[in-house]
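Q: I need the structure of the sequence given here:
(2 chains)
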Amino acid sequence: MASFADIHLDAGIARGLQRGDRRAQAVAYRLLSPTVMGMAVRILQDEGLAQEVVQDTFVELIDKAATLKDPEAVVGWVRRVAVNHCYMRLRSPWHKRRSGEESAPEQHDHMSDGERLEGYRDIERALGALPAETRLVIWLHDVEGYTHREIGELTGQTASYSKSQLARGYAKLSEILRDHGDGPQTDARRPAWVP
Amino acid sequence: MDRRPTLEDLLGFRDGEPGDPGLAEQIAADPEAQAELERLRRVRAELTRLPPVTPPPAVWDAIQERTGGRRPSWLQRFPLATAATVFLATALGIVLLDPALSPRDEPNGPQVQDPVAELMLRSRSLESELFTRASAATLGSTSSEQALLYGIADVDAQLNALYEAGSRDPAERERLWRQRVALLESLADVQRGQAVLRPAIY
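A: Below you'll find the predicted structure:
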């Protein structure tokens, strides 16, 4: 996965964004949107919501690019805005209710012992079985390199809370990966964004 | 440390966080903890290897719709260039008015000693030629002109940043001014070429 830290946005493109140049906006979108979408879909586990996050993030980028003081900071800025949009959606009562109805562990409870998850699909689906906020913590910490303190600030909690969420998430991931390590892969339970 | 390492301990160790000083020895002496640590590293590696996901084309269409798909005029597209030009015109005015900085008249006629001042004069002369009322109407109508205008806007932004930062690097100033003049000259060449072609077309 290309995390945001792996993306280099040319300074000319960043300046083009500041000028409101449509071609620069298109280039920035092509470069950054798959990472924004990848992060949003894994955190939110909902392709429609993830597309909304991509849309809102880039609308904000295009609207506010002229006010960015440091063109070098565009990628970091996009990441921060995208994370905030993900978090806002996770906190929405609608999403909470929906997550509660579609309790992820149950999805895996009725997977047959014969189902096999292979390669990244194992981890993709195991991630989807975690509670939303635990997924957020794992993704931000392990993929995006956020510190526990930064996650605590984002979620209005403490660094200890983030640490315990990470440990809880890993315990659950271990359990799922151990339970579903055998049998053939079926497409029926594959998330839509998994090729 | 007199207890077995917890999952939180192992995650902290994996991530290089400061922890119990005896933790490393304890893990080294505990094959089960080592295996667990290895597994934690593997899971993180798998997470970071998850592929990016390309959004469907409709997302970009929606973004363009929300931000206004119409093409702004070239003056709107180069606000930095406009600001920079105002700033640079002021700077140029200061250079030309300051006897200590301006080009001096030498016995054999007007001579420019400072290469930056010379480039500034050339830049101003080219701009007067390019941005006349007649040519401004068509400027930026071709892709080659647009590319040159983008280049000039980039150089202006860099010059602006240099002056704002109070940089005294004469080599960098000269390099940027030289680049600006070269781009303006190319733009003037394109304009002249079009002026020659235009009567032939009609």
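Q: burial count for the closest residue to chain A within chain B?
A: Closest residue of chain B to chain A, Cβ to the nearest Cβ: B:P52 (3.5 Å). Glycine gets a C-beta too; all of them are placed from N, C-alpha and C. For B:P52, the tally of surrounding residues (other Cβ atoms under 10 Å in any protein chain shown) stands at 18.
Q: what about it, which helix or strand?
A: Following DSSP states H and E, there is no helix or strand that holds B:P52.
Q: what's the closest non-adjacent residue to it?
A: Closest residue in space to B:P52, ignoring its immediate chain neighbours: A:P34 at 3.5 Å, by Cβ to Cβ, 6 or more residues apart in numbering or on different chains.
Q: below-threshold pLDDT in the chain: ranges please.
A: You didn't say which chain, so I picked chain A. Low-confidence segments of chain A, defined by pLDDT under 70: A:1-2, A:93-120, A:179-195.
Q: that answer is for a different chain, and I need it for chain B
A: Scanning chain B for pLDDT under 70 picks out B:1-2, B:69-113, B:131-143, B:146, B:164, B:195-202.
Q: please enumerate the strands of it.
A: With DSSP state E as the criterion, chain B has strands at B:105-106, B:109-110.
Q: the longest helix along chain A: what's the following helix or strand?
A: Using DSSP state H, we find that the single longest helix of chain A is helix A:22-44. Downstream of helix A:22-44, the first helix or strand assigned by DSSP H and E is helix A:47-64.
Q: now do that next one: which elements does it pack against?
A: Contacting helix A:47-64 under the criterion 3 or more Cβ pairs under 8 Å, 6 or more residues apart in numbering or on different chains; DSSP states H and E are the following elements: helix A:22-44, helix A:74-91, helix B:57-67.
Q: what does it contact?
A: The set of residues external to helix A:47-64 that reach it, using Cβ atoms under 8 Å, 6 or more residues apart in numbering or on different chains, is A:17, A:20, A:25, A:28-29, A:32-33, A:36-37, A:40-41, A:44, A:74, A:77-78, A:81-82, A:85-86, A:89, A:95, A:191-193, B:53, B:55-56, B:58-59, B:62-63, B:66-67.
Q: residue numbers of chain B in contact with chain A?
A: When proximity is defined by Cβ under 8 Å from any Cβ of the partner chain, chain B lies next to chain A at B:6-8, B:11-12, B:15, B:39-40, B:43-44, B:46-56, B:58-60, B:62-63, B:66-67, B:71-72, B:76-81, B:150, B:153-154, B:157.
Q: in PyMOL, select just the buried ones from these.
A: Filtering those down to the buried ones (16 or more other Cβ atoms under 10 Å in any protein chain shown) takes a single PyMOL command:
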select buried, chain B and resi 7+8+11+12+15+39+40+43+44+46+47+50+52+53+55+59+60+62+63+67+77+78+80+81+150+153+154+157
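Q: among the residues of chain B next to chain A, which ones are in helices?
A: Using DSSP H, those in helices are B:7-8, B:11-12, B:39-40, B:43-44, B:46-48, B:58-60, B:62-63, B:66-67, B:76-77, B:79-81, B:150, B:153-154, B:157.
Q: A:V75 against A:A28, yeah?
A: No - assessed by Cβ atoms under 8 Å, A:V75 is found out of contact with A:A28, at 9.2 Å.
Q: shared neighbours of the two, anything?
A: Common neighbours of A:V75 and A:A28, using Cβ under 8 Å, 6+ apart, are A:L9.
Q: tell me which of these two has more neighbours.
A: More neighbours surround A:A28 than the other of A:V75 and A:A28, with 25 against 19 (other Cβ under 10 Å).
Q: how about the longest helix that chain B contains: buried residues?
A: With DSSP H setting the assignment, residue counts place helix B:170-201 as the longest helix in chain B. Neighbour-count burial for helix B:170-201, counted by 16+ other Cβ under 10 Å, picks out B:173, B:176-181, B:183-184, B:186-188, B:190-191, B:194.
Q: tell me the one of these nearest B:Q34?
A: Nearest to B:Q34, judged by Cβ to Cβ, of those is B:L176 at 57.1 Å.
Q: look up how far A:V81 lies from the residue lying closest to the closest one once chain neighbours are set aside.
A: Nearest-residue entry for B:L176: B:L159, 5.1 Å, with adjacent residues in sequence omitted and distances by Cβ to Cβ, 6+ apart. Plainly put, B:L159 is 30 Å away from A:V81 if you go by Cβ to Cβ, to the nearest Å.
Q: one more: B:R39?
A: 34 Å.
Q: next: B:G16.
A: 28 Å.
Q: looking at these two, which has the bigger crowd around it?
A: Using other Cβ under 10 Å, the more surrounded residue of B:G16 and A:V81 is A:V81, with 18 against 7.
Q: quick one, what contacts that one?
A: Here A:V81 is in contact with A:T57, A:E60, A:L61 (criterion: Cβ under 8 Å, 6+ apart).
Q: change it to 6 Å
A: Residues in contact with A:V81 (Cβ atoms under 6 Å, 6 or more residues apart in numbering or on different chains) are A:T57, A:E60.
Q: what's the answer for A:L127, then?
A: Neighbours of A:L127 in contact, by Cβ under 6 Å, 6+ apart: A:R42, A:R135.
Q: and it, that's in a strand?
A: No - A:L127 sits outside any strand when classified using DSSP: H, G, I helix; E, B strand; the rest coil, being helix.
Q: what residues does chain A have near chain B?
A: With Cβ under 6 Å from any Cβ of the partner chain as the criterion, chain A comes near chain B at residues A:1-2, A:15, A:19, A:21, A:29, A:33-35, A:37-38, A:41, A:51, A:54-55, A:58-59, A:62, A:120, A:123, A:142-143, A:163, A:166-167, A:170-171, A:193.
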